[in-house]
Every structure is written in structure tokens, then in C-alpha cells.
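Chemist: For reference, the sequence and a predicted model appear below.
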Amino acid sequence: MEAPQRSVDEMLAYIREFSLDGGVHGDQGYQRVLLQLFGPVGSGKSMLINSCKYVLEGGEYVMHVSDEQTAVRKTFQLTPIITIADNRGTGHLIYHRDIPTLYAQLGSFLPLDERVDRLYEYEDLVEKVEKTDLAPNYSDLTVPVLVHSGSLYPYEEASEINALLRGCTTMTGISPIVIITRKNNPNAAEIERQFHLAGAEQVLLVENYTREDHLRTLGRDHAVLTFLYNALQDVTFRMSERRDVIKERTERKKFLIKYMHQTVLEREIQKLRP
């Protein structure tokens, strides 16, 4: 039986009042929820940020971030506890040389609000990780959010998408929420099905507000708030357990370096093949 839908007002109140210290174990050292958006360039990440702020803050529609490609990993505060980050986009959903950079962002091994360069070489990644660990970030609880356009069909195999989702879960402790923008595109339903087949636990369809089309509607508001509400439900579930932030970060660092090492080895093997 499906859970009953919550109203816009109920979700607004929950999101605005959300606190990390409300659970049985307190905040366990976390100070904020960091929603990290990732996905192909042009998938609607920037417009989703604008839509979230528009729905939460009300008033006139404001372009807080444009949809132009940028290498800067920008952050925007949604509430005193919730921040949303626009990670560097990829050329398409799975470009294997981009995945180490993605994992480094999700694991908080790259600084926020600074330029993100792609970490193609093993030595570059290790240097970045070691530098970040001089002042490690233990205070952010990350929720990974894969944003994909309903007009951009993913041609990757389900096994590749599943591996990406599992890697993102390893780097954050939370399974990625998949957001399909441009939900009215004829391909959106098939793309939703493909992500479900690839093992995505949550796939939500959203029609973003834009500068040209920002008339508030109940359906659009409800979809945006459902995304934020579900993300916080994932956080609450994870906070119901005892967390060891230092141990978790150490394990993520090991996974990241091992993944990059394997990637470099596979690349070298490919070069040797006739």
C-alpha cells in the first residue's frame, strides 16, 4: 500500500523546520544537509536549484543560477540547515573518466564554491584528497541527487547505471535520488522506467520553473517539495543509526583511491591491446 500523499503545506512546514538534532542520537557532529546535484550538462540542475528556492521562499521568480556550463561547484542555502550544491556536469550520464571527480565531490574531498578540475590522473586525485584531509569536512551529511533530462535519453547499459548508483551510495551512505526534469517530454516515462530497471530506489519527475514559465502551480510545487521532503526522510533514516564520521570518511577515501587506481590500470591495459 502506498503512503498517503502529503500536502504542500505539510511538506513546506517539515522542510523549513527540519533539524539534525531531533533524533535519538542527536546531530552526531553534522551541521547541515548537503544536497549534491550531479548529471549531464543541460539536464536541468541549475533550474532545479532555482525552482527549489522559488517554492521555498515564495515571492518573484529569481534566476539565482543560470544553466550555462560552469566548472565552479556552487552552493545555495535553502534553509538554515539545508544547502544545495550544483556539482560540475558531465558530457553524458556515464563518462568513466569523469566518475573519480564525481565521487571526490560526493565524498567531500573537493572544496565547495571553487573551480573543479577533472581528476584524470591518479597522482592528481591523491594530491587533492591528501590536501583536503588537512582540514577534513565532517559536518556535511550528503544526499546524492542524479538529475537527468526527460529529453536526453541515457544510452548506457542498466549495469553501468547500477554501478554508478552503487558507487554514489558508497561515497555518501545514501542511495541517490533520481530527478527527471522536463517530465512532459514524451521520452520521460521510458527514461523513468530505465532508471528503475537499473536499480534506482527513488525516481521523481519534475517540471522546473523557468524565467519564461514560472506561473506557480500545485503540481509543480508538490513535485519540488516531494523531492526535498524525501531527501530529508533519507537523512532521518540514516541519523537513526549510530554514525562514526571519521571511520566513514576513511572508508570512502579508500574506495575512491582504489577506484581511481583500477581505472588507471584498465586505461593502460586498453593501450596495450592491439
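Modeler: Received the coordinates, thanks.
Chemist: Could you pull out the strands in this protein for me?
Modeler: Assigned by DSSP state E, the strands in the chain fall at 32-38, 74-77, 82-86, 140-149, 177-181, 202-205.
Chemist: The first one pairs with which strands, parallel or anti?
Modeler: Strands that pair with strand 32-38, judged by DSSP bridges, come out as strand 82-86 (parallel), strand 140-149 (parallel).
Chemist: before we move on, back to that, with distance to residue 164 and mean neighbour count as added columns, please give the strands of the chain in JSON lines.
Modeler: In this view, the C-beta of every residue, glycine as well, is placed from N, C-alpha and C. Formatted as JSON lines, the strands of the chain follow (distance: least, CB to CB, whole Å; neighbours: other CB atoms under 10 Å):
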{"stretch": "strand 32-38", "distance to residue 164": "10", "mean neighbour count": "24"}
{"stretch": "strand 74-77", "distance to residue 164": "23", "mean neighbour count": "15"}
{"stretch": "strand 82-86", "distance to residue 164": "18", "mean neighbour count": "22"}
{"stretch": "strand 140-149", "distance to residue 164": "8", "mean neighbour count": "24"}
{"stretch": "strand 177-181", "distance to residue 164": "11", "mean neighbour count": "25"}
{"stretch": "strand 202-205", "distance to residue 164": "14", "mean neighbour count": "18"}
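Chemist: looking at the ones you listed, which is closest to residue 16?
Modeler: Proximity to residue 16 (CB to CB) singles out strand 82-86 among these, at 9.3 Å.
Chemist: Alpha carbons of the closest one, as CSV, please.
Modeler: Extracted in CSV, the C-alpha atoms of strand 82-86 (Å, rounded to 0.1, in the frame of the first residue of the first chain):
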residue,chain,number,x,y,z
ILE,A,82,19.8,22.6,4.0
THR,A,83,22.3,23.6,1.3
ILE,A,84,22.1,22.5,-2.3
ALA,A,85,25.3,22.2,-4.5
ASP,A,86,25.5,22.3,-8.3
